[in-house]
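Enquirer: Let's see this in three dimensions:
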Amino acid sequence: MRALDGVTIVSLEQAVAAPIATRHLADLGARVIKIERPDGGDFARGYDEAVRGMSSHFVWLDRGKESVALDLKSAPGREALGALLAHADVFVQNLAPGAADRLGFGSAALRAAHPRLVVVEMSGYGSSGPLHAKRAYDLLVQGETGLASVTGTKDAAVKTGIPVADIGAGLYAFSAVLAALLRRERGGGGACVEVSMFDAIAEWMGHPLYTTLHTGAQPPRAALGHPAIVPYDAYPTADGTDVLIGVQNDRQWRSLAADVLGRPDLARHPDYATNVARCRHRAAVDALIGEVTERLPVAELVRALDDAGIGNARVNSVHGLAEHPQLAARDRWRTVETPVGPVDALLPPITFTDAEARMDAVPALGEHTEAVLAEFGIDA
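Expert: Okay, here's the model as predicted:
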């Protein structure tokens with residue numbers, strides 16, 4: 001038995017934030033009925049054509065769902081959605097600010113009509129405050145929260161390579177649904193839950209935020225390094241592939257100096273013996289390490305670091321991830337059906353030892369409209 005077998009979720013969702021939340025719920029066994037516009041559906045369907053003509057975003061985020069196409073600008077479309085919600089446990093939506101209320105599906109109205117319903121409203125900036133009506137995309141939220149200001153090199157701020165604001169908000173929504181369903185089972189009734197991308201990344205900014213609050217200084221951008229830990233950066237090898245080395249405490253520094261660098265004299269040198277001292281002499285520390293690592297092949301360096309108990313990793317490519325022996329050894333790949341044929345997909349990170357995640361098909365637009373509406377007594 002999967003954890004969410006028997007739970008029905010209706011989602012009025014688009015892009016990444018809400019779809020990643022509901023996909024994880026579907027992986028755990030929930031039935032997810034995804035409401036899409038008849039004229040194109042979720043606009044993430046058109047982000048790219050990387051998966052044999054289908055969007056990589058959509059294939060990633062929307063497996064295991066049933067696609068129902070409804071025109072919510074029409075009275076019959078709204079009536080159909082209302083009928084579906086009467087049978088739902090959870091409603092998730094991330095429309096533009098105010099759009100759900102204008103359609104008659106705001107949280108207050110839904111909770112009044114369905115006391116046991118868990119309503120999750122996702123937005124860029126939340127339902128109040130000076131930015132509540134502002135458009136919010138992942139890039140914009142990374143900028144507004146200051147995330148971009150601490151990401152990149154000393155010369156340029158950059159965004160992260162994946163949509164962390166969307167993913168962060170989606171995972172908070174996912175966990176909120178689980179908590180709300182548990183509370184309901186304990187007699188607490190339904191719930192209204194609000195999750196914003198801005199609040200999610202503001203929370204994730206904890207280290208630089210508290211540093212700035214208590215020192216008054218903006219943490220510097222450190223590329224692959226760390227503004228407060230040294231050594232914690234990428235170093236060259238003889239093969240041309242950089243290796244990340246992370247030293248978390250002074251004991252590990254002594255091991256690195258003696259067992260990998262062959263320089264036990266550095267272990268207690270006053271310029272390097274403590275992390276505070278190493279941060280003050282960051283350039284010298286990095287140069288000392290680089291002089292050794294650039295003469296070693298990757299495999300030899302990694303083996304020496306592992307033997308010394310020093311955290312390390314290759315700076316891998318996406319090709320390297322796709323072919324990673326860790327994923328293969330742990331049997332993390334499955335085949336998922338799509339409208340363009342079977343594709344490989346990763347199992348979700350949550351692993352139950354007695355029940356594998358449900359890896360059902362990626363739906364075509366409106367594929368389940370007639371069947372779902374007929375099931376609930378609605379004339380398609």
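Enquirer: so residue 54 makes contact with residue 340?
Expert: Yes - applying Cβ atoms under 8 Å, one finds residue 54 in contact with residue 340, separated by 5.4 Å. All C-beta spots, glycine's among them, are computed from the backbone N, C-alpha and C.
Enquirer: between these two, which one's more packed in?
Expert: Shown here are residue 54 and residue 340; by other Cβ atoms under 10 Å, residue 54 has more neighbours (21 against 14).
Enquirer: tell me the contacts of the more buried one?
Expert: Residues in contact with residue 54 (Cβ atoms under 8 Å, 6 or more residues apart in numbering) are 45, 338-340, 362.
Enquirer: tell me which element residue 168 is part of?
Expert: For residue 168, the host element (DSSP states H and E) is helix 164-183.
Enquirer: What residues of whatever helix or strand comes next after that helix count as buried?
Expert: Using DSSP H and E, the helix or strand that directly follows helix 164-183 along the chain is strand 191-196. By neighbour count with 16 or more other Cβ atoms under 10 Å, strand 191-196 contains the buried residues 191, 193-196.
Enquirer: Looking at these, which one is closest to residue 227?
Expert: Nearest to residue 227 among those: residue 196, at 26.8 Å, using Cβ to Cβ.
Enquirer: how far away is that closest one from residue 260?
Expert: 45 Å (Cβ to Cβ, to the nearest Å).
Enquirer: How about residue 301?
Expert: 8 Å.
Enquirer: Then residue 95?
Expert: Relative to residue 260, residue 95 is positioned 54 Å away (Cβ to Cβ).
Enquirer: swap in residue 158?
Expert: Going from residue 158 to residue 260 by Cβ to Cβ gives 31 Å.
Enquirer: out of the two, which sits in the more crowded spot?
Expert: Neighbours per residue, other Cβ under 10 Å: of residue 158 and residue 260, the larger number sits with residue 260, 20 against 12.
Enquirer: Now do the contacts for that one.
Expert: Listed by Cβ under 8 Å, 6+ apart, the contact set of residue 260 reads 292, 301, 304-305, 308, 310.
Enquirer: can you check residue 285 too?
Expert: Neighbour list for residue 285: 230-231, 272, 278 [criterion: Cβ under 8 Å, 6+ apart].
Enquirer: What about the contacts of residue 260, which one has the most neighbours?
Expert: Most surrounded of the contacts of residue 260: other Cβ under 10 Å gives residue 301, at 25 neighbours.
Enquirer: Test my guess that that residue contacts residue 239.
Expert: No - assessed by Cβ under 8 Å, residue 301 is found out of contact with residue 239, at 9.1 Å.
Enquirer: Could you list the domains of the chain?
Expert: 8-204+331-375, 232-314 (automatic domain parsing).
Enquirer: Geometrically speaking, which residue is the centre of this protein?
Expert: residue 167 (3.0 Å; Cα atoms, centre = their mean).
Enquirer: That one touches residue 18, doesn't it?
Expert: No - here residue 167 does not reach residue 18: they are 11.5 Å apart, not a contact under Cβ under 8 Å.
Enquirer: follow-up on the earlier one: which one, of the domains of the chain, ends up nearest to residue 212?
Expert: Nearest of these to residue 212, taken as Cβ to Cβ: domain 8-204+331-375 at 8.6 Å.
Enquirer: Kindly check the end-to-end length of that closest one for me.
Expert: Counting by Cα to Cα, to the nearest Å, you get 13 Å between the two ends of domain 8-204+331-375.
Enquirer: Phi and psi next, for the most far-flung residue of the chain relative to its centre.
Expert: Ranked by distance from the centre of the chain (Cα atoms, centre = their mean), the top residue is residue 265, with 43.5 Å. For residue 265, the backbone dihedrals (degrees, to the nearest 10) come out as phi -60, psi -20.
Enquirer: burial of the nearest residue to it once chain neighbours are set aside, as a residue count?
Expert: If the residues on either side of it in the chain are set aside, residue 265 comes closest to residue 257, at 7.8 Å by Cβ to Cβ, 6 or more residues apart in numbering. Using other Cβ under 10 Å, residue 257 has 24 neighbouring residues.
Enquirer: Could you tell me how far residue 257 is located from residue 287?
Expert: 14 Å.
Enquirer: now residue 45
Expert: From residue 45 across to residue 287, the span is 50 Å (Cβ to Cβ).
Enquirer: Neighbour count for the two, which is higher?
Expert: The neighbour count for residue 45 versus residue 287, taken as other Cβ under 10 Å, is higher for residue 45 (19 against 10).
Enquirer: what's the neighbour count on residue 276?
Expert: Neighbours of residue 276 under the rule other Cβ under 10 Å: 10.
Enquirer: Next up, the contacts around it.
Expert: Residue 276 makes no contacts at all, as judged by Cβ under 8 Å, 6+ apart.
Enquirer: distance of it from residue 250?
Expert: Computed as Cβ to Cβ, the residue 276 to residue 250 distance reads 10 Å.
Enquirer: Same question for residue 49.
Expert: From residue 49 across to residue 250, the span is 52 Å (Cβ to Cβ).
Enquirer: So between those two, which is more surrounded?
Expert: Set side by side, residue 49 and residue 250 show more neighbours around residue 250, with 17 against 11, by other Cβ under 10 Å.
Enquirer: Perfect, I'm done here.
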